[in-house]
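Asker: coords please:
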Amino acid sequence: MRIGILQTGHAPDDLMEATGDYDAMFRRLLAGNGFDFDTYAVVDGDFPENAGSADGWLITGSKHGAYDDLPWIAPLERLIRAIRDSGRPLVGICFGHQIIAQALGGRVEKFAGGWSVGATDYDRGDERLTLNAWHQDQVTALPDGAQVIAGNDFCANAILAYGDTIWTVQPHPEFGSDFIDGLLRTRAKGVVPETIQARAAARLDIPTDSRRITDEIAAFFMKERA
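Answerer: From the prediction side, this is the model:
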């Protein structure tokens, strides 16, 4: 199965050597499932020919906002709608989660409640999931057809599903504690309040459910659909 990675941002230069870019993180994360990958750096204007260029699609995180006036945002939204119409599976992570919601009629905003950073707990029915977060923007109004799978009091719409072909996650299963630590050192200063930085630093050793969510993403891509 060929997965097209729609890369919407780049890892910080200071961390790139250790972790690779965002597409490399997802290649490693989903390794061992028999996938082939193609990367399209849409953030740099590199787009696939059409929705049929891959069997499934994944949209990465980004430092940009879905509502930013950038030349690649509108073409990406058109591609998202084309992927939806094609019936191919689509997964969105953080910015990907947000831009999919926006493209399908939802609303994304810089959340008045501020930042969520580091190991964060989410409720999914009767179970608790812990994943690494790094965001201030949120999906604040759902598109038609979106179903809330998981959330918490701070981020109500943390995991969304749209039928059986689109699945999106606000936190980052691809971010390990080492990457969160690196972001705290490189991107947080003067941006994320110090109290939130301190809480995230204190929770770096908290185990997360990244592997579990990764397995669910892989299964979602491989699911047989009519």
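Asker: can you find the helix or strand in this protein with the smallest mean pLDDT?
Answerer: One helix or strand of the chain scores below all others by mean pLDDT, DSSP states H and E: helix 13-19, with a mean of 91.
Asker: neighbours around the closest residue to residue 85 other than its chain neighbours, how many?
Answerer: Leaving aside its sequence neighbours, residue 85 sits nearest to residue 51 (C-beta to C-beta, 6 or more residues apart in numbering; 7.4 Å). The C-beta positions use only the backbone N, C-alpha and C, and glycine is treated the same way. Around residue 51 there are 20 other residues, counting by other C-beta atoms under 10 Å.
Asker: tell me the pLDDT of the residue minimising distance to the centre of the chain.
Answerer: Centroid-nearest residue in the chain, with C-alpha atoms, centre = their mean: residue 93, separated by 1.0 Å. Reading off the confidence values, residue 93 has pLDDT 98.
Asker: thought it was touching residue 58?
Answerer: Yes. Contact criterion C-beta atoms under 8 Å: residue 93 and residue 58 qualify, at 7.2 Å.
Asker: so what's the residue nearest to the centre of the chain bridging to?
Answerer: residue 169 (DSSP bridges).
Asker: mind checking how far it is from residue 82?
Answerer: Relative to residue 82, residue 93 is positioned 20 Å away (C-beta to C-beta, to the nearest Å).
Asker: with residue 172 instead?
Answerer: Distance of residue 172 to residue 82, given as C-beta to C-beta: 26 Å.
Asker: those two: who's more crowded?
Answerer: Per other C-beta under 10 Å, whichever of residue 172 and residue 82 has more neighbours is residue 172, with 26 against 14.
Asker: now the more buried one: phi and psi?
Answerer: Residue 172 adopts backbone torsions of phi -120, psi 100, taken as degrees, to the nearest 10.
Asker: let me see the contact set for it.
Answerer: 61, 93-94, 131-134 (C-beta atoms under 8 Å, 6 or more residues apart in numbering).
Asker: mind running it again at 6 Å?
Answerer: 94, 132 (C-beta atoms under 6 Å, 6 or more residues apart in numbering).
Asker: relative to residue 148, how far out is it?
Answerer: Separation of residue 172 from residue 148 (C-beta to C-beta): 19 Å.
Asker: contacting residues for the residue lying closest to residue 100 once chain neighbours are set aside?
Answerer: Computed as C-beta to C-beta, 6+ apart, the closest residue to residue 100 that is not its neighbour in sequence is residue 92, at 4.4 Å. For residue 92, the contact set (C-beta under 6 Å, 6+ apart) comprises 59, 100, 168.
Asker: need those residues in TSV with pLDDT and neighbour count, can you?
Answerer: Shown next, in TSV, are the contacts of residue 92 (pLDDT from 0 to 100; neighbours: other C-beta atoms under 10 Å):
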residue	pLDDT	neighbour count
59	98	28
100	98	31
168	98	25
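Asker: with distance to residue 5 added, can I get those in a markdown table?
Answerer: A markdown table is the format used below for the contacts of residue 92 (distance: C-beta to C-beta, whole Å):
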| residue | distance to residue 5 |
| --- | --- |
| 59 | 8 |
| 100 | 14 |
| 168 | 15 |
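Asker: cool, thanks, signing off.
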